[in-house]
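Engineer: missing the sequence, but the structure's below:
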DNA sequence: AGACCGAGGGTAAACGTTTACCCGACAGGG
DNA sequence: CCCTGTCGGGTAAACGTTTACCCTCGGTCT
């Protein structure tokens, strides 16, 4: 009972004559049922063919099904599948602030590598608010997301619960405050040490640091790595040369006011991230200090605009594109479920030096 | 038949004693059925209460239902609802490139204002590729999204089809290439004119423009507005002073090479966006030209970093936060379906002048 | 007293998939 | 000739909601 699909002359429908969407059946949208009828098989067979269940379909049947699906422009309704499987091809990305270039770049990378694996990304701004994070964690479960990429995780009751529930979570850039889970990011401790080594190799022994919030593993580790390397070289910064600047432009500026008020200021400053470095730079400009001539500055993250608007800023370069791939692979490992996946290789970083005569 | 929920002593479950999640029933996750049993009513009643269908529930019953739902930590599975209603609370944002600060800022704004209305955002990078845009348009329909915000729309066969299918689409920043739909954005023509007026009022008559892709209504209109105002003042730019720079850093740089090679260069340049202006600026730096002393530059979009890293750049400021609200309201208007919603008021813009002695 | 009505709430039928079973046919081995 | 297995494929039961009907019970109107 293959027969022609009964085209009920909707005038606009006839206008477009692509390969697919030859004819819209009378009913609402085309479902698996329509495909089955057109191919002259049962819906079970259609489902099996389209899901690639081999050994269940004669080649000829399979071809008929695929043709029918194609001609009708059939797309499985995700809702049905989600209901049955209690699972979607959705992955949620929880992110502190999408308008931060660092996070945005990672988000883009994750989106495209998820897409390459036929998954779709839901974006949620947590604002680093534990309550909002918990809300989203629950809400995403209600959507039956297949996994979560948690960028800039904060500690929250729901996070531990979600981990206990075996919800696949990849912690990006910041390690889970409550332990457990798989981490994707660079070795921040090593990065901090690398910055210190660089400063020392340039002969700067009078260093300062504007560190980020220490509850963030990323900030803390790079801070500690920096300090430890300096201490080992006997060049530990004096107390007033260690200030907190958050991760913001304003924080950097405020920290700079503290750091640079003495006539004898540090010669080299390690900033929690590039934004902080921009804040510091503004203060330098105000004081007439040239960077890096009068004062060496090292940022973190390597904002993609640096080459264009901040050619004075040396910074730690992060492999943005690698994040997406690593996150996706981490999730896949969890899905394929070889028990507890070992922590993956940390991503590589590198120092990007700018503005120096070298 | 209210009865205690039968707590099957799962040790971890007892650990957390928040108000909700007192006890996980034996079965998998708690559904509407569990709530109904606990409240001693039918699932229909639960559904009605939770959906705020008044006049169907005794106050006392309603209280019992809400209590039960709360105690169990019930969250409706979106899949079931999506299946029944053929509708979710998902809104897709199609965006050319999330790592572009301009788009990212708008994305953030849209996300938060959708959240305020209890909707969730799906983010899709179209890369301005018509095929990818079409793919997402279809895929999002398969997810039964309730609406789409299309940022930087390009012309594609699927777009017209989606509009014909009455899919609620808000066109953000760039008007639909195929007509129809509702637009959210500023009056780009007026903005272009405003820039021209500003240049003229400063006495610059030797102006140039680096325009964006003219298939984009945003780029085209601001370009045309700028030119028309200049023409009316009898100061139309010479042919070589009109170049295309795309919307990228590299494009701006390349355009600047063309524009600034003569010893006699234009005194004022209007750039398609801030990125282009950064590219231009790099060339200026190479040539030893000071901005804005030797050459006035006007960007577009007002990148949030400008105050910090580009204090030399005057630009057209866009009300990022207003975008989210306007998009959401536009969608709501479509949903509430008062026929064809009139085009909303364009968003306000303003000139942000920097670096001038004033 | 019978008709009618509204309030409150239960029953069951969708919605569109996936998949555990079941079944018929045919082949090969004993 | 029977038994067993495999191939190919159909039947129907979930999955978790929403909502069109239906029902009961008082109260009110005629």
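Structural biologist: In hand now; what should we look at? All values derive from a computational prediction rather than experimental measurement.

Engineer: Backbone dihedrals for residue A:94, both of them.
Structural biologist: phi -90, psi 130 (degrees, to the nearest 10).

Engineer: swap in residue A:352?
Structural biologist: Dihedral angles for residue A:352 - degrees, to the nearest 10 - are phi -110, psi 110.

Engineer: Where does residue A:246 sit: helix, strand or coil?
Structural biologist: coil (DSSP: H, G, I helix; E, B strand; the rest coil).

Engineer: Identify the residue spatially nearest to the closest residue to DNA strand C within the stretch 251-358 of chain A, adjacent ones excluded.
Structural biologist: Nearest to DNA strand C, among the residues of the stretch 251-358 of chain A, is residue A:335, at 13.9 Å (CB to the nearest atom of the strand). Every residue, glycine included, has its C-beta placed from N, CA and C. The shortest distance from residue A:335 to any non-neighbouring residue, by CB to CB, 6 or more residues apart in numbering or on different chains, is to residue A:168 (6.5 Å).

Engineer: ok, so what distance separates that neighbour from residue B:88?
Structural biologist: Look at residue A:168 and residue B:88: by CB to CB, to the nearest Å, they are 22 Å apart.

Engineer: residues of the helix or strand where residue A:258 lies that come out buried?
Structural biologist: Residue A:258 belongs to helix A:249-259 when elements are defined using DSSP states H and E. Buried residues in helix A:249-259, counted by 16 or more other CB atoms under 10 Å in any protein chain shown: A:249, A:251-256, A:258-259.

Engineer: Contacts (any at all) between chain B and it?
Structural biologist: Yes - Helix A:249-259 comes into contact with chain B (CB under 8 Å from any CB of the partner chain), by way of residue A:249.

Engineer: next structured bit after that helix?
Structural biologist: Next element after helix A:249-259 (DSSP H and E): strand A:268-271.

Engineer: check whether the very next helix or strand once past that following strand contacts chain B.
Structural biologist: The first helix or strand that comes after strand A:268-271 along the chain, using DSSP H and E, is helix A:274-287. Yes - for helix A:274-287 and chain B, the contact criterion (CB under 8 Å from any CB) is met by A:278-279, A:281-282, A:285.

Engineer: got the angle between helix A:274-287 and helix A:249-259?
Structural biologist: For helix A:274-287 against helix A:249-259, the angle by axes from the mean of the first three to the mean of the last three CA atoms, to 10 degrees is 50 degrees.

Engineer: What is helix A:274-287 packed up against?
Structural biologist: When contacts are defined as 3 or more CB pairs under 8 Å, 6 or more residues apart in numbering or on different chains; DSSP states H and E, helix A:274-287 packs onto helix A:249-259, strand A:268-271, strand A:296-301, helix B:306-309.

Engineer: Tell me the one among the buried residues of helix A:249-259 nearest to residue A:133.
Structural biologist: residue A:251 (21.6 Å; CB to CB).

Engineer: List, one by one, the residues from chain A near DNA strand C.
Structural biologist: A:28-29, A:31-33, A:43-44, A:47-48, A:50-51, A:74, A:76-77, A:79-81, A:83-85 (CB under 7 Å from any atom of the strand).

Engineer: how does it look with 6 Å?
Structural biologist: A:28, A:31-32, A:43-44, A:47-48, A:51, A:76-77, A:80-81, A:83-85 (CB under 6 Å from any atom of the strand).
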